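Trainee: predicted coordinates and the sequence they were generated for:
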Number of protein chains: 2
Amino acid sequence: MASPSGGIAKAVTIRDVAAAAEVSIGTASKALNGRGRMRAETRDRVLAAAERLGFRPNPLAQGLLAGRTYTVGLVTGDSFGRFSIPVMLGAEDALGAGQISVFMCDTRDDPIRERHYVERLLARRVEGIIVTGRRTEPRPGIGRDLPVPVVYAMTQSTDESDVSIIPDDEGGGALAARHLLATGRTRIGHVTGPHRFQAARRRAHGLSTALAAAGLEPAGEVLFGQWSEEWGRQGADVLLHAAPDVDAVFCGSDQIARGVAETLRERGRRVPEDVALVGFDNWEPMALGCRPPLTTVDMNLGEIGRLAARHLLAAISGTGDGLLSGSLDGSFGGGTLGGGVTIVPAGLVLRESTRRAVRGG
Amino acid sequence: MASPSGGIAKAVTIRDVAAAAEVSIGTASKALNGRGRMRAETRDRVLAAAERLGFRPNPLAQGLLAGRTYTVGLVTGDSFGRFSIPVMLGAEDALGAGQISVFMCDTRDDPIRERHYVERLLARRVEGIIVTGRRTEPRPGIGRDLPVPVVYAMTQSTDESDVSIIPDDEGGGALAARHLLATGRTRIGHVTGPHRFQAARRRAHGLSTALAAAGLEPAGEVLFGQWSEEWGRQGADVLLHAAPDVDAVFCGSDQIARGVAETLRERGRRVPEDVALVGFDNWEPMALGCRPPLTTVDMNLGEIGRLAARHLLAAISGTGDGLLSGSLDGSFGGGTLGGGVTIVPAGLVLRESTRRAVRGG
DNA sequence: ATGAAAGCGCTAACAT
DNA sequence: ATGTTAGCGCTTTCAT
């Protein structure tokens, strides 16, 4: 048996409470829910009985009647990895504060599993679904005309009418660029991930745009490669060769930045004195383990999750698309990007790797 | 509305199916569940109608009747961090394969939130709870005499009668030691995390025991410090000073190992030629980013999660404590350790950092 | 072979 | 102020 040692053998029903309080079931229900009018004495008697018996209303029965389940599904293709976790936590934060519980589903990026899970979630009558991923690349939606609202977080549906919440890669790149310019750097290189990643392209574009505004362009070519430390090490050498006078490197990820930092050190360039370094992700174990600790762009993943959850809640409450209305004008700067895409601004976390030289004040 | 464009406005009930197939509700139910005997033609008609209407049985109603919910709760204090994620995935793996869905709850190591979540899970009539954490230290249980079985994974309840599944830190330390011995190393140092962590003490103990079996002891003192790269860098210097002839270092974590690797390189010691290096965790971004890539102990976290889930399922099915029976003999080597504690063996992942010197074959 | 009816635990009308 | 009743969607006897 589950709990042989005095555990609650059988769940206590409202019927038991009513019997114990010597009232009818209906009266017990009213007392417990504070509805209707009744003698205070009666109400207290019921409440006391419920308390004593350890009564918990059965949410299945309540839900069956109300036609609601107070649950949502969280589907990730990222195996709850580094990117989807913070998103999840933000979402759970916003949802759990209410009475919504979250079903977790890991699809491992397998469309079959995804379909399977979505089916199961719908069968369970979740009231909404949040889809997260590790890439911001548009992906096919999880289904058309689903009976519940769906929000894509940290990933994006190919269907522009779907609601997606994504990080501001371009803004993050611009942020890094302006910070480096502000600290007096002008020969800024860029080592980043594969060109096929939208995120890499956007970060590079943000950098270039911000530099152009200052009449500059990236030092050397923008170096697209891999999302790895190893590539960071190689890329730094390529960059040093192409632009020996480089005085700052913006990296597409913190991992790349670590590799770059290592090569710079080995080539006798001091960070930040000779070359300033900015990473991307604010992945703390990486950014803090780097020598020196890394200034890096933070995508505010938690905020993405919270926003996704709030959009979902709004859609569920029937406030419907209210939160998103007016976002179809295609405006780009205001944090919204046509369709249902919402862009969450990135922030910059300042650490040693871009500290201004002491002599510079 | 949720889906204005032709979405499923209202869930299809078995009543609708029955009507469409021109049979009674009872017959429809039987047809859908393959129970009772009936004309094949009737069954087909019902199935076709269900298919056409997109019927999904309402699990709330089914559960209400069956007295089951086919859900379990997953409670973590680790904010679904690096350690609990793989455990979670393993658990979800084992559970999701059945028809069990998982509610996720992040307590942020806050007892108030934890209590709150456990209450909510019980109110939802989950059939079991898995508790995960970031530390293996025994912790107070989530409650006594709960109406459902509870399994602690990657953490441990102070109540010895609770079921806990934990990694084999001691065995992992011994594994590392034997591997280093096998590759011909004899002056083996150890740099690890804070002494207050059971995991650090156990890994150190495993190392010492295995070395003792070969008539050796750790080179220099066992260096307890922090779980950080920075400490790895410092610790390596301390070790090189205390035991200049050290020819291998076993580290309490991959992060520490990276720090150690850096210092070794800077002090002119080649890895693995002069000094072999073994980490702990098999945290791939760290272990692969290290130069050279790190041989490291893998705690098989996924297996811990799967095992936890299987224990839970067994307990739920009423097979009850079967899986654990006979484990109260206090035997240590067999993977079981008195009470309800199950220890999952660790493995070793071989990479460059312990490659045998070329001349050695 | 099929249908009718009861009931899972609960809430909300309605009746007393 | 309290009790009675119907019904949420489903399964399962028990009649037919």
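Mentor: Sure thing, it's come through. Numbers count the residues shown, from 1 in each chain, chains lettered A, B, ... in the order given.
Trainee: show me where chain A has strands.
Mentor: Using DSSP state E, the strands of chain A run over residues A:71-76, A:101-106, A:129-132, A:138-139, A:150-153, A:156-157, A:163-167, A:188-192, A:223-224, A:248-251, A:276-280, A:295-298, A:340-344, A:347-349.
Trainee: among the ones you listed, which is the most enclosed?
Mentor: Highest mean neighbour count of the strands of chain A: strand A:248-251, a mean of 33 (counted as mean count of other Cβ atoms under 10 Å in any protein chain shown). For every residue, glycine as well, the C-beta is placed using N, CA and C.
Trainee: which residues touch that one?
Mentor: Defining contact as Cβ atoms under 8 Å, 6 or more residues apart in numbering or on different chains, one finds that strand A:248-251 is touched by A:173, A:176-177, A:180, A:185, A:187-192, A:207, A:232, A:236, A:239, A:257, A:260, A:264, A:275-280, A:354.
Trainee: stretch A:188-198 now?
Mentor: For stretch A:188-198, the surrounding residues in contact (Cβ under 8 Å, 6+ apart) are A:135-137, A:169, A:177, A:180-181, A:199-201, A:203-204, A:207, A:211, A:216, A:218-220, A:222-227, A:231-232, A:235-236, A:239, A:243, A:246-253, A:256, A:260.
Trainee: buried subset of those?
Mentor: Listed as buried from these are A:135-136, A:169, A:177, A:180-181, A:199-201, A:203-204, A:207, A:211, A:216, A:218-220, A:222-227, A:231-232, A:235-236, A:239, A:243, A:246-253, A:256, A:260; burial here means 16 or more other Cβ atoms under 10 Å in any protein chain shown.
Trainee: ok, the residue nearest to the spatial centre of chain A to A:T76 distance?
Mentor: Nearest to the geometric centre of chain A sits A:V87, at 2.3 Å (Cα atoms, centre = their mean). Plainly put, A:V87 is 8 Å away from A:T76 if you go by Cβ to Cβ, to the nearest Å.
Trainee: for DNA strand C, give me its nearest residue in the stretch 101-250 of chain A.
Mentor: Closest approach between the stretch 101-250 of chain A and DNA strand C, counting by Cβ to the nearest atom of the strand: A:R125, at 14.2 Å.
Trainee: what sits against the closest residue to that residue other than its chain neighbours?
Mentor: What sits nearest to A:R125 in space, not counting adjacent residues and going by Cβ to Cβ, 6 or more residues apart in numbering or on different chains, is A:T69, at 4.7 Å. Neighbour list for A:T69: A:59, A:63, A:124-127, B:60 [criterion: Cβ under 8 Å, 6+ apart].
Trainee: now, among the residues you listed, which is nearest to B:H311?
Mentor: Ranked by distance to B:H311 (Cβ to Cβ), the contacts of A:T69 are led by A:R124 at 24.2 Å.
Trainee: how many other residues sit next to A:N300?
Mentor: Other residues near A:N300 come to 20 when the count uses other Cβ atoms under 10 Å in any protein chain shown.
Trainee: skipping its backbone neighbours, what lies nearest it in space?
Mentor: Counting by Cβ to Cβ, 6+ apart, A:V344 is the residue found nearest to A:N300 once chain neighbours are left out, at 5.4 Å.
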